[in-house]
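Trainee: I'll drop the sequence and a predicted model, then ask my questions.
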Amino acid sequence: MEYHNIGMAKMSKIRDAQKRMQLAIDSIRRLPSNLQKTYTGFKMQLDSALAKLSQANNAMDKWMEEFNMDSAKNNEDKRIEYLKSEKIKISKVKDAMLSSLKSADSLLKK
């Protein structure tokens, strides 16, 4: 649950970053076409970072929906195996959340 708690603590920051990135993308789209071309590379970076934030957010939601704290509670060996596999999954989700947020923050500072 430690990795879950770390990830959950970042959920509001991820949603805020998603909103700010979408605003930046929308701002680029409203520019005259010659300026849009100037920012094509940056917009592509924003699009990619926004997709990674969304994937990380969705991965957390999916993990929470599928996690079963009571799985195999009557079979200690299976329970340990299940919890170990879930720890690996949520560790990857946490890492995706932190890295996508770091990338987004870096881009939004530009």
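Mentor: Great, that's in hand.
Trainee: tell me the contacts of residue 102?
Mentor: Taking Cβ atoms under 8 Å, 6 or more residues apart in numbering as the criterion, residue 102 is in contact with no other residue. Glycine gets a C-beta too; all of them are placed from N, C-alpha and C.
Trainee: looking at the chain, which helix or strand does the model trust least?
Mentor: helix 2-9 (a mean of 83; mean pLDDT, DSSP states H and E).
Trainee: run the angle between whichever helix or strand comes after it and helix 2-9 for me.
Mentor: Past helix 2-9, heading to the C-terminal end, the next element that is a helix or strand (DSSP states H and E) is helix 11-29. Angle of helix 11-29 versus helix 2-9, following axes from the mean of the first three to the mean of the last three Cα atoms, to 10 degrees, is 50 degrees.
Trainee: just the mean pLDDT for helix 11-29, thanks.
Mentor: Here the mean pLDDT over helix 11-29 is 94, rounded to a whole number.
Trainee: what do you get for stretch 59-72?
Mentor: Computed over stretch 59-72, the average pLDDT equals 89.
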